[in-house]
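Trainee: here is the input, now give the coordinates:
(one chain, ligands or ions: 1)
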Amino acid sequence: MPRKSTRLRTADLTDRVAVITGAGSGIGRELALLCARRGANLALCDINDIGLADTAATAHSFGGRIVTRRVDVADSEAMSRFAQETVDLYGAVDLLINNAGVGLVGGFLDTSVKDWDWLVGINLMGVVHGCNAFLPTMIDAGRPGHVVNLSSAAGLLANPQLTAYSATKFAVLGLSEALSMELAPHRIGVTAVCPGVINTAITQNSAIRGDGDAEQRRNRLMSTYQKRGYPPERVAHNILRAVDRNQSVAPIAPEAHLMYLLSRAAPPLAHWAATRLAELTK
Ligand SMILES: NC(=O)c1ccc[n+]([C@@H]2O[C@H](COP(=O)([O-])OP(=O)(O)OC[C@H]3O[C@@H](n4cnc5c(N)ncnc54)[C@H](O)[C@@H]3O)[C@@H](O)[C@H]2O)c1
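Mentor: Now for the predicted structure:
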């Protein structure tokens, strides 16, 4: 008799169902394409209609089924409707990727309460809403599943020019680590992903707060990310590998591995490195 698999395997996702938020750009888009290439049926959402339609059109060529919805992850009711529609269509969900997120560059004194509400609503509550909407079905299905939550290297090492962003990403990391212990008996793994500096549209989409010309600072940020040149396609591959290995924390680019190591093994050195890094975004 074949052994009952205890975790989700990602090399072949034929007939599996992957839900990906923020699939209209960057890491979410590449995850959608990679899952489609490996045979998965997809449920994709974003608030960027054009990006979402473009991802779906490209993913169609791999032959799986695809449903797309305009959903704001900060809206818990919209997420619940999305989950219901996904389950009505596919009957189950195997892989939930809470990827949608936004950036905000600035210190605490530069960040308004409105900014906090916006950032926490998407980066933290978006993950909570995704888990809340999809987990009951995943648990009831009784088969191996996985949840991927996008944290950040700024969720490992606090950055004084990314104060609110760091706070949301630390929260996602903590939520994911606790959830991974809670869901283990249900054969559902949880991975918090800490990508590093990845060349996506996040630099265009981030809010910039504080002194100095915002556009000049944005251009510097975009140029740093472009020069670093780590592509979202590689992130997607590494994320599916981390799922396969059931890693609870997955640093992706080398700088994220370094920050992970420093934050765990040498906090004073980590503090020094974070302060130097923040100078780059001022
Ligand atoms: N690019 C990086 O260097 C980097 C580093 C660390 C973490 N991350 C995280 O990775 C995730 C993906 O980022 P990315 O770099 O691909 O950025 P991106 O801007 O290219 O893509 C993010 C997508 O999320 C969507 N989105 C934003 N708000 C949304 C909302 N309220 N509801 C639904 N969708 C929404 C956007 O429209 C966009 O399509 C984010 O959570 C981000 O914080 C990125």
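Trainee: surely residue 131 and residue 176 touch.
Mentor: No: Residue 131 lies out of contact with residue 176 (CB atoms under 8 Å); the separation is 9.4 Å. Glycine gets a C-beta too; all of them are placed from N, C-alpha and C.
Trainee: common neighbours of these two, please.
Mentor: Jointly contacting residue 131 and residue 176 under the rule CB atoms under 8 Å, 6 or more residues apart in numbering are residue 147.
Trainee: and the strands in the stretch 1-150 of the chain?
Mentor: Here the stretch 1-150 of the chain has its strands, by DSSP state E, counting those that start in this stretch, at 17-21, 41-46, 66-70, 95-98, 104-105, 145-150.
Trainee: got those as TSV, with mean pLDDT columns?
Mentor: Below are these laid out as TSV (pLDDT from 0 to 100):
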stretch	mean pLDDT
strand 17-21	99
strand 41-46	98
strand 66-70	98
strand 95-98	98
strand 104-105	98
strand 145-150	98
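Trainee: now the ones you listed in CSV, with distance to the ligand?
Mentor: Converted to CSV, those look like this (distance: least, CB to the nearest ligand atom, whole Å):
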stretch, distance to the ligand
strand 17-21, 6
strand 41-46, 4
strand 66-70, 8
strand 95-98, 8
strand 104-105, 10
strand 145-150, 4
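Trainee: hang on, the earlier thing: between residue 131 and residue 176, which one's more packed in?
Mentor: The neighbour count for residue 131 versus residue 176, taken as other CB atoms under 10 Å, is higher for residue 176 (25 against 21).
Trainee: tell me the contacts of that one?
Mentor: 147, 149, 151, 190-192, 248-249.
Trainee: which one is it nearest to, not counting chain neighbours?
Mentor: Nearest residue to residue 176, sequence neighbours excluded (CB to CB, 6 or more residues apart in numbering): residue 192, at 3.6 Å.
Trainee: quick one: the one you found and residue 155 touch, right?
Mentor: Yes: using CB under 8 Å, residue 192 is in contact with residue 155, at 7.4 Å.
Trainee: so what sits against both of the two?
Mentor: Joint contacts of residue 192 and residue 155 (CB under 8 Å, 6+ apart) are 172-173.
Trainee: residue 118: neighbour count?
Mentor: Here the number of neighbours of residue 118 (other CB under 10 Å) works out to 16.
Trainee: actually residue 115, not the one I typed
Mentor: Look at residue 115: counted by other CB under 10 Å, it has 15 neighbours.
Trainee: would you mind naming what in the stretch 151-282 of the chain lies close to the ligand?
Mentor: 152, 195, 197-198, 200-202, 205, 232 (CB under 6 Å from any ligand atom).
Trainee: from the contacts of residue 176, which is closest to residue 217?
Mentor: Relative to residue 217, the closest of the contacts of residue 176 is residue 151; by CB to CB it sits at 23.9 Å.
Trainee: just checking, the closest one touches residue 196?
Mentor: No: shown here, residue 151 and residue 196 do not form a contact pair, counting by CB under 8 Å, at 11.4 Å.
Trainee: export the strands of the stretch 1-150 of the chain to TSV and tack on mean neighbour count?
Mentor: Shown next, in TSV, are the strands of the stretch 1-150 of the chain (neighbours: other CB atoms under 10 Å):
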stretch	mean neighbour count
strand 17-21	28
strand 41-46	27
strand 66-70	17
strand 95-98	28
strand 104-105	24
strand 145-150	26
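Trainee: residue 48 touches residue 24, doesn't it?
Mentor: Yes: Residue 48 lies in contact with residue 24 (CB under 8 Å); the separation is 3.9 Å.
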